[in-house]
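Undergrad: Kindly return the folded structure for what I paste below:
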Amino acid sequence: MTMTNFFLGLSLAISFLALLCFYRVVFGPGAWNRIVAVNVFGTKTTVVLLLMAFIYARVDMFVDISLVYALLNFIGTVAIAKFFEKKGEV
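TA: A predicted model of the protein is given here:
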């Protein structure tokens, strides 16, 4: 078993777990649970991007993309949390 196959299998497993998080985003019981699920979904997507970097042997390109995606995920989560805090739904 090569490392490429291992990374591919790991990417598929993490993608399945990301779909479970997406289910929580759509059918979550509350706003805070959905915010956390979106953040976890973004984190899993970042990890899958980094695994793709090793699969395609283009680490330099995918690391930059994953860093930007992680930063946007963090900023979006903080912005949504501040919006709900100011709205008074805490």
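
Undergrad: what helix or strand does the closest residue to Val25 other than its chain neighbours sit in?
TA: Of all residues not flanking Val25 in the chain, Ala37 sits nearest, at 4.5 Å (Cβ to Cβ, 6 or more residues apart in numbering). Placement of C-beta: from N, CA and C, glycine included. According to DSSP states H and E, Ala37 maps onto helix 31-56.

Undergrad: and that helix, which residues are buried?
TA: The neighbour-count check on helix 31-56 (16 or more other Cβ atoms under 10 Å) flags 34-55 as buried.

Undergrad: Quick one: name whatever helix or strand follows it.
TA: Following helix 31-56 toward the C-terminus (DSSP H and E): helix 59-87.

Undergrad: Okay, now the unreliable bits of the protein?
TA: Across the chain, the ranges flagged by pLDDT under 70 are 1, 89-90.

Undergrad: Can you give me every residue that contacts the closest residue to Ala70 other than its chain neighbours?
TA: Spatial nearest neighbour of Ala70, chain neighbours left out: Thr46 (4.7 Å); criterion: Cβ to Cβ, 6+ apart. Neighbour list for Thr46: Ser66, Tyr69, Ala70, Asn73 [criterion: Cβ atoms under 8 Å, 6 or more residues apart in numbering].

Undergrad: Out of the residues you listed, which comes closest to Ile80?
TA: Among the contacts of Thr46, Asn73 lies closest to Ile80 (Cβ to Cβ), at 10.9 Å.
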